[in-house]
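1. heads up, no residue letters with this:
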């Protein structure tokens, strides 16, 4: 797993470098560097602004007594999007913008919610108690109360 993570990071850096070179060939080196530098304060500003709004929505959901699942996922996507905008690179900027824009964030949130829900269901069905494995075949039988104490 560790090697896979390192490989992904190396491939990501290579892809970012490739895209930056292609953009520099198209618009010039100075314009490319300026674009990369502008996204840092933009990402910081968007992270603060969107983060505050997400925090308010989370507080409102809790105060209203509803489950704040949507607001928590929004907050996580906003954090991820802001951090991706702060990291230099055009690919990370595009992914950060996708995570920060409300329409695309809603699509990501729905996908993430389904993924997390299916993972939760899989983990819950894998759970085994101390008494042994889960009774998939429904072979368990009820025991009368007097037999338990006798």
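-> On my side now, so go ahead. Note that the coordinates shown come from a computational prediction; the quantities given were computed from them, not determined experimentally.
2. Flag the shaky bits of the protein, pLDDT-wise.
-> Scanning the chain for pLDDT under 70 picks out the ranges 119-138, 140, 142-150.
3. 80 instead?
-> Residues of the chain meeting the criterion pLDDT under 80: 116-150.
4. so how far is stretch 22-36 off the chain centroid?
-> The gap between where stretch 22-36 is centred and where its chain is centred comes out at 30 Å by CA atoms, centre = their mean, to the nearest Å.
5. contacts for that stretch?
-> Residues from elsewhere that reach stretch 22-36, judged by CB atoms under 8 Å, 6 or more residues apart in numbering: 20, 88-90. To be clear about C-beta, it is placed using only N, CA and C from the backbone, and glycine gets the same treatment.
6. Which ones among these map onto helices?
-> Using DSSP state H, the members of the contacts of stretch 22-36 that fall in helices are 20, 90.
7. Give me the buried subset of the contacts of stretch 22-36.
-> 20, 89-90 (16 or more other CB atoms under 10 Å).
8. my read: residue 67 touches residue 73, true?
-> No: distance between residue 67 and residue 73: 11.3 Å, which falls outside the contact criterion (CB atoms under 8 Å).
9. Looking at the two, which is more packed in?
-> Taking other CB atoms under 10 Å, residue 67 and residue 73 do not tie; residue 73 has more neighbours (19 against 9).
10. Would you mind measuring from the more buried one to residue 14?
-> Noted for residue 73: a distance of 30 Å to residue 14, by CB to CB, to the nearest Å.
11. Could you tell me how many residues sit around residue 57?
-> Residue 57, neighbours per other CB under 10 Å, totals 15.
12. How about it: what's its closest non-neighbour residue?
-> Ranked by CB to CB, 6 or more residues apart in numbering and with sequence neighbours excluded, the top spatial neighbour of residue 57 is residue 71, at 4.8 Å.
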